[in-house]
Structure formats: C-alpha cells, structure tokens
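Enquirer: How does the following fold in three dimensions:
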Amino acid sequence: MVSLSRQTLSKQFTPLFLNPPTPELLWKIFPPTCLEGSPWVLGFDGKWLKRYGVLLIYRDVTNHEIIWWSRVPWESVAAVTRDLERLGIILSEVLPYGTISDWKPGIVEAMATYLQGRDVVVFPQQRCLVHVEREVKRRLALHSPIEGTRALREIGLVITKLKTFADRDRWLFRLLLWHSEYGELLIERSTFEESGTQKRHWQYTHKNIRAGWRILTHDTECLFQYLDHPLVPSTNNSLEGVNSHLDRIRGLPPTHNDALLCWKLAFSRTNNNEDKHKLWVSWIEAFRPPKTTTLAT
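Expert: Reported below is the predicted structural model:
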C-alpha cells in the first residue's frame with residue numbers, strides 16, 4: 001500500500017471536495033417523491049452565511065426532502081424567482097399545493113410572480129409561526145417596565161399553540177382587548193431637538209411595541225392558512241432542523257465552507273449506504289472530464 005502524506009492527500013482531495021453534487025444531479029439520482037403526483041407543500045428558508053451571502057434552500061416539507069438549493073449574495077426577488085423558474089421546468093405538472101416561509105418580501109413576491117398566468121385556483125401561503133414567535137421575542141422584552149409590552153408579548157408567544165378555529169378566534173379577541181387597553185402606546189409620540197439647531201422633530205415613542213403589533217396583525221390571513229388547509233404545516237420546523245446542521249465550521253475558507261454545506265444537503269437525500277454509494281458513483285462520473293480519443297494517422 002502506498003503511503004501518502006497529508007499534504008498530498010489534501011492536494012488530491014480538494015478539487016473533488018470543491019465540486020459538490022448539484023441539485024440537478026440529485027434529481028437524476030433520486031427523483032423527488034413530489035413527482036409522483038400526490039399533493040405536497042414547498043418550504044423556503046435561507047441560511048445566512050454572514051458576509052458570504054445566503055444559501056437558499058427549497059424543501060418538500062410533506063415528504064421531508066431537499067429538492068433545490070443555491071447560494072446568492074442576498075435573498076432577493078430576482079434570486080428566488082430564478083430558482084423557481086428552474087424548478088418550474090421540472091415541476092410544471094406537479095406544482096406544490098402551497099408554501100410555507102418566513103414571509104420575507106422577496107420570497108412572497110417571487111412566488112406571486114411565479115404563479116402569475118398559471119391556472120392556480122387555491123394556493124395557500126403560510127407564514128411560519130416559529131419565525132413570528134421569534135420576532136415577538138426579539139421586539140418585546142420579557143422584563144419590560146411597560147405593562148403593555150409584556151401583555152402583547154404574552155399574546156404573541158402562544159401563537160404556535162393555536163390548533164383550532166376557536167383558538168384562533170379567542171386569540172384575535174385578545175388582540176382586540178389589548179388594543180382597547182393599551183392602544184394609545186401605538187400612537188404616542190416624543191419630540192426632540194436636532195443637535196446644534198433649534199429645529200424640533202417627533203418620532204413614535206414605542207417603536208418596538210409598534211413593530212410587535214404589526215407582526216401580529218399585518219396580513220393575519222397568512223398566519224392561519226394551516227387551519228383551512230391541513231396539508232400546510234403551521235411551522236417550518238422541517239427546514240429549521242436542516243439549517244441547524246449547516247452551521248459554519250470555523251477555520252474553513254469561504255469556498256470550502258460553501259462546498260461543505262452543499263455536500264451536507266446532498267447527503268441529506270441518502271437513507272442508507274447503498275444510496276451513498278449510488279451518489280458517489282454518479283457524482284464521480286459527472287465530475288470526471290470526458291475522455292479524449294486520438295485518431296491514428
């Protein structure tokens with residue numbers, strides 16, 4: 001057996017590592033279950049890579065399968081639309097029954113654009129309630145000295161526990177009661193004098209309360225699509241679990257880290273050693289440059 005140094009192994013392995021399997025290759029090896037025609041729901045999420053951009057991940061949350069991913073500078077309408085168009089070539093006959101996302105404008109607008117002109121009668125788009133809960137925690141402090149902040153936070157944090165239409169109606173009624181008691185906080189203003197001048201300006205005093213109120217009351221229909229459409233989940237926990245395994249490993253350069261994330265997503269489609277071997281063989285064949293033949297003269 002030939003013994004190779006660590007440096008030699010690294011030099012030979014790096015070109016392979018930096019060319020991970022693509023989503024297109026995964027489709028050829030492991031055709032997604034959604035192609036069989038049964039109703040399914042498409043989940044979106046983005047893995048923030050700090051200054052290295054965003055990894056957009058698309059998952060069939062009904063069948064628990066990653067079906068696409070791409071790395072982009074930022075989560076924009078153009079980036080999501082481009083991915084949806086590429087997916088649409090394959091999914092044209094099996095469009096998702098609905099979607100679930102963190103409700104960032106880019107994702108919502110891209111999906112609306114993607115469906116324009118298509119014969120889609122009902123297309124529920126659910127806002128992930130875990131993301132709503134997380135935003136409520138961020139905006140409304142647990143130990144705020146303002147009673148209205150604490151009361152609104154308490155209402156917001158039960159949103160993931162609403163299971164029936166009756167639960168939803170009671171929750172919405174609690175929001176109305178909060179507004180009747182603390183609504184003045186939403187319009188309270190403070191004035192201040194611009195430094196070095198005598199100009200006076202005003203601003204809303206309780207910006208975080210206003211933000212928390214908007215999170216819970218803006219477009220409430222998107223919060224409860226799962227009640228009318230049982231196939232659509234209320235949370236994106238399926239994708240959150242995937243993201244938890246994609247944490248950046250310290251010490252890796254950006255290109256190596258990007259490749260590692262893609263390898264992890266590719267291997268998420270394998271269920272056993274036979275699948276791993278199948279992925280490896282197919283990837284080697286795709287990665288290996290074509291043989292050139294020389295004609296004898």
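Enquirer: Buried residues in stretch 261-279, which are they?
Expert: For stretch 261-279, burial by neighbour count (16 or more other Cβ atoms under 10 Å) applies to 261-262, 265-266, 268-270, 279. To be clear about C-beta, it is placed using only N, CA and C from the backbone, and glycine gets the same treatment.
Enquirer: now stretch 45-53
Expert: 45-47, 49, 53.
Enquirer: mind listing which of the residues you listed are in strands?
Expert: Taking DSSP state E, the ones among the buried residues of stretch 45-53 that sit in strands are 45-47.
Enquirer: residues contacting the closest residue to C128 other than its chain neighbours?
Expert: Once flanking residues are discounted, C128 sits nearest to N236: 4.0 Å by Cβ to Cβ, 6 or more residues apart in numbering. With contact taken as Cβ atoms under 8 Å, 6 or more residues apart in numbering, N236 is in contact with 43, 45, 61, 100-102, 128, 130-131.
Enquirer: can you rerun that using 10 Å?
Expert: Contacts for N236 (Cβ atoms under 10 Å, 6 or more residues apart in numbering) come out as 43-45, 59, 61, 100-102, 126-131, 242-243.
Enquirer: got it, and V41?
Expert: Counting by Cβ under 10 Å, 6+ apart, V41 makes contact with 34, 59-63, 96-100, 124, 126, 226, 229, 231-233, 238.
Enquirer: end-to-end on stretch 38-55?
Expert: 28 Å (Cα to Cα, to the nearest Å).
Enquirer: Present the buried residues of stretch 261-279 as CSV; the columns should include pLDDT, secondary structure and distance to V72.
Expert: As requested, the buried residues of stretch 261-279 are arranged in CSV below (pLDDT from 0 to 100; DSSP: H, G, I helix; E, B strand; the rest coil; distance: Cβ to Cβ, whole Å):
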residue, pLDDT, secondary structure, distance to V72
L261, 84, helix, 13
C262, 86, helix, 13
L265, 88, helix, 15
A266, 89, helix, 18
S268, 86, coil, 20
R269, 88, coil, 21
T270, 89, coil, 26
L279, 90, helix, 25
